[in-house]
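Quick one, fold the following:
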Amino acid sequence: MKRAALLLGGVLAALALAETGLGLMGWGYARRQRGGRATAAGPRILCVGDSFTFGMGAPRGGGYPEQLQDLLNKEPGDRRWVVLNAGVPSNNSSQVLKRLPALLVEEAPEILVVMTGWNDNNLTESNYWRVADLSRMPARERWRLRWRDLSGRWRTWRILSSAWARFFPPEKLPYDHWLFLDAMAEPAARRNLERLLDRSRRGGLSSRDWLAIGIFRHRLKDLDGARAAYGKAVASDPGNVEAHFRLGWVHHLDRDFAGFEAEMRETLRLDPRHDRARGMLGMRERNAPPARDWMEDLLSYDLSRILELAESRGVNTVFMTYPSPRHEVNGMLLRVFGRLGAEHPFHVVDNSALFGGLPKPEQYFSKDEPDVFVSHLNERGYGVMAGRLAQDLGDIGWAP
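Predicted coordinates:
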């Protein structure tokens, strides 16, 4: 018994020492990163968010961060601005918050531009459990969420988790989702998929080929075509985890909740670590409260911590609403900005009011959704957003 206690104490002491050492290394790395990177390459603006920051709906390089950089560097001079696009499609505000500390250290920006909240009904890595009433959830699920949050703060745990994933990796698909989305901005992607579709008419496609076709159809809002392709992927290989997940996703969009739950459970049976399936099931299977009851509180929680991180590094912050004049998240964001503004200095760009006041605003949207005003912007629309942001940065003295 004494030997076991000594062994446990030794392990805990070693972990504490490792945690302290990693913290000191991170502190030293941050000091080196802050010591001249921005001045060497010019002042930097970091833009974080989801697909609206990434630039979905426009050709590659046509998003607002890229156009903002062109506008700020329009006049010749030695001070050349660098605008970094750190948008990740489908990210929620909690994921933006989770990625931000490393981005602030690595990129050392002078200005942080944040547009997030649209995807906060996506529970992947979400902090919703911190603000929602979870009394109806099983105790086991509540403790699982709390353990995930606590362990995620330990550097040693993150390193051990990364090592585990290296030796026991989850299934890797050749058609990685986000790389695929990025490639869709290029005409070559359409040509490649046309070749796949041509092969499909002659037969001989693999399960993963059908999965790629399904992703393409899904992104084009052809749900019938996506469902058929995902179904063929599953029929060809019943162990194709991603095909089951995406087939369930389409069922959810069609409000076929029985089909949705069946496919998500099959996804988790094949891969218990599939966080996106677990998150999508969470709202229905774990009796989690509906998003409307906690989303504004979640935005307050995440955005206040984003502000605190930026302030701790001396970074000026700009918050933006989304360009859609109809989406309810903009009202939530404006209310949150109003409350946070009483305690923190930051600037707000209200894109919903900007686009709502334009004549024929539909011409600035890409129409990649059935309702044009909840679709992404096109290149011209992102240019309008970049122009207003550049103007505001000049007016408040943060940029020329």
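
Next, the contact list for the residue nearest the centre of the chain, please.
The geometric centre of the chain, computed from its C-alpha atoms, lies nearest to N91 (C-alpha atoms, centre = their mean), at 1.7 Å. Each residue near N91 by C-beta atoms under 8 Å, 6 or more residues apart in numbering is listed here: 49-50, 99, 116, 119. Backbone N, C-alpha and C define where each C-beta goes, glycine included.

before we move on, what about G87?
G87 touches 47-55, 63, 65, counting by C-beta under 8 Å, 6+ apart.

ok, and the most crowded of these?
Counting neighbours by other C-beta atoms under 10 Å, the top entry in the contacts of G87 is G63, with 29 neighbours.

Which residues lie in contact with it in this structure?
So G63 contacts 53-55, 85, 87, 382 (C-beta under 8 Å, 6+ apart).

Please name the spatially closest residue to it (chain neighbours excluded).
Distances taken as C-beta to C-beta, 6 or more residues apart in numbering place G55 nearest to G63, at 2.5 Å, with adjacent residues excluded.

sorry, back to before: which one of the contacts of G63 is nearest to A235?
F54 (32.9 Å; C-beta to C-beta).

ok, the closest one to A277 distance?
23 Å (C-beta to C-beta, to the nearest Å).

and if you look at G338?
In terms of C-beta to C-beta, G338 sits 36 Å off from A277.

out of the two, which sits in the more crowded spot?
Between G338 and A277, A277 has the larger neighbour count (other C-beta under 10 Å), namely 26 against 10.

Would you mind confirming that that one makes contact with E266?
No - the pair A277 / E266 is not scored as a contact, 9.1 Å apart, by C-beta atoms under 8 Å.

Show me whatever sits in contact with both of the two.
Residues touching both A277 and E266 by C-beta under 8 Å, 6+ apart: G248.

quick one, strands of the stretch 101-250 of the chain?
111-115 (DSSP state E, counting those that start in this stretch).

Can you show me the helices along it?
Using DSSP state H, counting those that start in this stretch, the helices of the stretch 101-250 of the chain run over 128-131, 139-151, 155-167, 177-183, 187-202, 207-219, 223-236, 241-253.

pLDDT averaged over the longest one - what is it?
If I follow you right, that is helix 187-202. Helix 187-202 carries an average pLDDT of 62.

Likewise for the shortest one?
Mean pLDDT, computed over helix 128-131, is 77.

Report all helices and strands that that helix contacts.
Applying 3 or more C-beta pairs under 8 Å, 6 or more residues apart in numbering; DSSP states H and E, one finds that helix 128-131 contacts helix 139-151, helix 295-312.

next one: the last one
Identification of packing neighbours for helix 241-253 by 3+ C-beta pairs under 8 Å, 6+ apart yields helix 207-219, helix 223-236, helix 257-270, helix 275-285.

Can you name every helix or strand that the first one contacts?
Which is helix 207-219. Packed on helix 207-219, when contacts are counted by 3+ C-beta pairs under 8 Å, 6+ apart, are helix 177-183, helix 187-202, helix 223-236, helix 241-253.

which parts of it are buried?
207-218 (16 or more other C-beta atoms under 10 Å).

How about stretch 297-310?
297-307, 309-310.

now stretch 117-136
117-132, 134.

Return the distance of stretch 210-223 from the chain's centre.
How far stretch 210-223 lies from its chain's middle: 20 Å, per C-alpha atoms, centre = their mean, to the nearest Å.

next one: stretch 338-356
With C-alpha atoms, centre = their mean, you get 21 Å for stretch 338-356.

how far does it stretch from start to finish?
20 Å (C-alpha to C-alpha, to the nearest Å).

Same question for stretch 116-129.
Terminal residues of stretch 116-129 lie 18 Å apart, using C-alpha to C-alpha.

Narrow the contacts of G87 to those in helices?
51-54, 65 (DSSP state H).

Tell me how far G356 lies from G387.
16 Å.

And N91, by the same measure?
Taken as C-beta to C-beta, the span from N91 to G387 is 25 Å.

remind me which residues of the stretch 301-400 of the chain are low pLDDT?
Scanning the stretch 301-400 of the chain with the threshold set as pLDDT under 70 gives 368-372.

ok, now how distant is E343 from A5?
On the measure of C-beta to C-beta, E343 and A5 end up 47 Å apart.

Please look at M264 and G248 and confirm they touch.
Yes - if you go by C-beta under 8 Å, M264 and G248 touch, sitting 4.6 Å apart.
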